[in-house]
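A.B. asks: I would like the atomic coordinates for the input below:
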Amino acid sequence: MVHQALNLTKEQKSAYNAIKSLQTFLENGTLNASEIVQYTDMTKRQKKNLVYEIYFKNKKRKEFYTCKDGRVKSYNPQFIARNEEELIDKLYTYYFNDTLESVYKDWLVYRKSTGIVSNKTIEEDVGLWRRLFADSEFANMQMKSIKPRHILKLFHVWTGNGLITRKDFNNRKSLLNGIFNYAVLNEIIESNPILSISSNDLKFKPPTSSKKAYTLEERKKLLSYLGTLEPDAYVLAIQLAFCGIFRVGEIKALSWHPKNGHTVTIRHQLVEERTLQSDMTLGHSQQVLKAPKGNPDYSVRTELVSDRGLEILKKMYELNPDGELLFMHNEKPLNTDRFNRRLKKYCDEIGIPYLSSHKIRFTGASMLFDAGVKVTDIQPLLGHSNLAMTQHYIGEQVSERDISQMSKILI
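C.D. replies: All right, here's what the predicted structure looks like:
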């Protein structure tokens with residue numbers, strides 16, 4: 001029994017959404033006995049109308065088959081039931097339950113309720129789904145009918161002759177993997193069909209070579225310029241970022257008192273998150289105070305700032321001596337997007353390439369590495385539990401390299 005993707009009309013989609021709303025109301029609403037009967041009958045009528053439209057489309061016969069024993073039967077898809085109402089329920093489940101889209105939505109709710117991933121990760125997955133699958137034929141296919149050949153065809157459409165990078169492909173594949181693994185866990189399907197597909201024949205766009213760190217000259221020029229500006233929370237926060245290897249969320253969540261001196265303790269990060277609503281849309285962005293990113297055994301840490309960093313902290317404390325968070329602008333916590341807009345504005349004003357706030361961490365880590373600090377000593381400063389992650393950060397070109405040394409070394 002193969003279930004093809006449904007091509008619903010606008011009216012049919014509206015009817016399906018109305019049925020879902022009625023079902024939700026019946027499950028969660030405070031209703032008396034007569035109201036329950038009324039809404040149940042309404043739901044049954046709408047389900048019957050919708051199933052009839054879908055099942056009998058392109059069929060000459062406009063009624064179900066009745067068996068000799070009184071049972072009712074459908075063909076293509078083939079089901080048998082004691083009566084028409086039960087048959088309609090089976091067909092409705094076949095058409096609308098356990099589709100890729102319905103399982104995706106259940107998977108989102110499951111991850112939200114268990115907290116196994118952050119709201120930011122859920123937000124990223126919702127964005128991917130909307131861009132790649134929403135209202136597509138693939139999304140309307142029943143999970144059991146999706147075979148490796150369907151997925152491989154989708155992969156070829158995505159990649160073509162090098163349309164996307166391997167990283168982009170892996171992000172898309174990861175979303176599908178999550179949905180299929182959830183379906184396996186809930187016994188909707190027996191196995192994840194993606195696991196049998198090889199990516200060896202796919203062609204990927206070469207990754208764009210991107211600059212990962214500010215040079216020493218760019219850093220010096222930017223800090224000198226920032227020093228001429230009227231200090232506010234954003235100006236000072238950008239300066240502090242260049243005097244350490246903090247995440248911007250950690251600076252936003254920083255608490256500090258002059259008695260702490262050069263010592264800065266990272267206990268939290270402040271991030272912007274959009275929560276998943278009951279209708280599978282994302283709510284407004286909110287600031288959330290959380291443990292620092294990564295393993296708390298590593299990311300909760302103490303660092304020492306330079307004399308310049310200490311002066312920045314003191315200036316900010318003078319502007320906001322009583323705040324629970326040190327860096328506040330107009331009595332509100334800093335916003336990451338606004339931080340980056342300010343950073344870009346200042347880079348444009350002095351004529352240097354703009355790199356995001358995260359690249360400031362690459363700059364500081366590479367400066368330490370160039371100065372001879374061991375990778376194993378840089379790792380705890382970055383708050384990494386994985387040395388490989390630290391190695392990804394270091395070694396960016398922040399100063400001119402003497403290439404004449406190559407001939408002396410590689411002999």
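
A.B. asks: Pull the contacting residues for the residue lying closest to Leu282 once chain neighbours are set aside.
C.D. replies: Using C-beta to C-beta, 6 or more residues apart in numbering and skipping residues adjacent in sequence, the residue nearest Leu282 is Arg274, 4.0 Å away. The way it works is simple: take the backbone N, C-alpha and C, and place the C-beta from them, glycine included. Contact criterion C-beta atoms under 8 Å, 6 or more residues apart in numbering gives Asn119, Glu123, Leu282, Gly283, His284, Ser285, Gln286 as the residues in contact with Arg274.

A.B. asks: Now render these as a markdown table, adding pLDDT.
C.D. replies: Formatted as a markdown table, the entries for the contacts of Arg274 read as follows, by pLDDT from 0 to 100:
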| residue | pLDDT |
| --- | --- |
| Asn119 | 82 |
| Glu123 | 89 |
| Leu282 | 73 |
| Gly283 | 76 |
| His284 | 79 |
| Ser285 | 78 |
| Gln286 | 83 |
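
A.B. asks: Of the residues you listed, select the buried ones using a ChimeraX command.
C.D. replies: Remark: buried members of those, expressed as a ChimeraX selection using 16 or more other C-beta atoms under 10 Å:
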select :119,123,282
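
A.B. asks: quick one: which of the contacts of Arg274 is nearest Gln38?
C.D. replies: The shortest gap between Gln38 and any of these belongs to Gly283, at 32.1 Å (C-beta to C-beta).

A.B. asks: With His268 as the reference, measure out to that closest one.
C.D. replies: In this structure, Gly283 lies at 22 Å from His268, with C-beta to C-beta, to the nearest Å as the measure.

A.B. asks: Using the three-state scheme, assign the residue nearest to Tyr393 when sequence neighbours are not counted.
C.D. replies: The spatially closest residue to Tyr393, leaving aside those adjacent along the chain, is Ala365, at 4.3 Å (C-beta to C-beta, 6+ apart). The three-state label for Ala365, taken from DSSP: H, G, I helix; E, B strand; the rest coil, comes out as helix.

A.B. asks: cool, the one 4 residues further on as well?
C.D. replies: Using three-state DSSP, the three-state assignment for Phe369 comes out as helix.

A.B. asks: Test my guess that it contacts Ile378.
C.D. replies: Yes: applying C-beta atoms under 8 Å as the test, Phe369 and Ile378 come out as touching, 6.4 Å apart.

A.B. asks: can you list residues touching both of these two?
C.D. replies: Overlap between the contact sets of Phe369 and Ile378, as judged by C-beta under 8 Å, 6+ apart, is given by Ile394.

A.B. asks: For my notes, confirm Leu26 occurs in a helix.
C.D. replies: Yes: looking at Leu26 with three-state DSSP, it is inside a helix.

A.B. asks: residues near it, how many?
C.D. replies: By the measure other C-beta atoms under 10 Å, the count of residues near Leu26 is 15.

A.B. asks: Excluding chain neighbours, what is closest to it?
C.D. replies: Using C-beta to C-beta, 6+ apart and skipping residues adjacent in sequence, the residue nearest Leu26 is Tyr39, 5.4 Å away.

A.B. asks: and Thr302, how many neighbours?
C.D. replies: Burial measure for Thr302: 12 neighbouring residues, criterion other C-beta under 10 Å.

A.B. asks: Format the contacts of Arg274 as a markdown table; extra columns: distance to Ser174.
C.D. replies: Formatted as a markdown table, the entries for these read as follows, by distance: C-beta to C-beta, whole Å:
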| residue | distance to Ser174 |
| --- | --- |
| Asn119 | 17 |
| Glu123 | 15 |
| Leu282 | 19 |
| Gly283 | 24 |
| His284 | 26 |
| Ser285 | 23 |
| Gln286 | 26 |
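
A.B. asks: mind listing which of the contacts of Arg274 are in helices?
C.D. replies: Taking DSSP state H, the ones among the contacts of Arg274 that sit in helices are Asn119, Glu123.

A.B. asks: Would you agree the residue nearest to Leu26 falls within a helix?
C.D. replies: Yes: residue assignment for Tyr39, taken from three-state DSSP, places it within a helix.

A.B. asks: list the contacts for it?
C.D. replies: Taking C-beta under 8 Å, 6+ apart as the definition, contacts of Tyr39 comprise Leu22, Phe25, Leu26, Gly29, Leu31.

A.B. asks: ranges for the helices of the stretch 201-350 of the chain?
C.D. replies: Assigned helices in the stretch 201-350 of the chain, in chain order: 216-226, 233-242, 248-252, 296-299, 307-319, 336-350 (criterion: DSSP state H, counting those that start in this stretch).

A.B. asks: care to break the protein down by domain?
C.D. replies: Domain assignment for the chain by automatic domain parsing gives 10-95, 100-205, 216-393.

A.B. asks: worst average pLDDT in those?
C.D. replies: Least confident of these, judged by mean pLDDT, is domain 10-95 with a mean of 88.

A.B. asks: Figure out how far that domain is from the centre of its chain.
C.D. replies: Shown here is domain 10-95, whose average C-alpha point lies 36 Å from the average C-alpha point of the whole chain (C-alpha atoms, centre = their mean, to the nearest Å).

A.B. asks: what about Ser34, which helix or strand?
C.D. replies: Here Ser34 sits within helix 33-55, counting by DSSP states H and E.

A.B. asks: Which is the succeeding secondary structure element to that helix?
C.D. replies: Per DSSP H and E, helix 33-55 leads on to strand 65-66 as the next helix or strand towards the C-terminus.

A.B. asks: Which strands border that following strand, and is each parallel or antiparallel?
C.D. replies: strand 72-74 (antiparallel) (DSSP bridges).

A.B. asks: Which residues belonging to the helix or strand following the partner strand are considered buried?
C.D. replies: Remark: after strand 72-74, the chain's next helix or strand is strand 79-81, criterion DSSP H and E. Applying a neighbour-count criterion of 16+ other C-beta under 10 Å, the buried positions in strand 79-81 are Phe79, Ala81.

A.B. asks: Give me the contacts around the helix or strand that strand 79-81 is followed by.
C.D. replies: On the C-terminal side of strand 79-81, the closest following helix or strand by DSSP H and E is helix 84-96. Contacts to helix 84-96, defined as C-beta under 8 Å, 6+ apart, come from residues 3, 6, 16, 44, 47-48, 50-51, 54-55, 64, 72-74, 77, 79-81, 102, 142.

A.B. asks: Great, nothing more from me.
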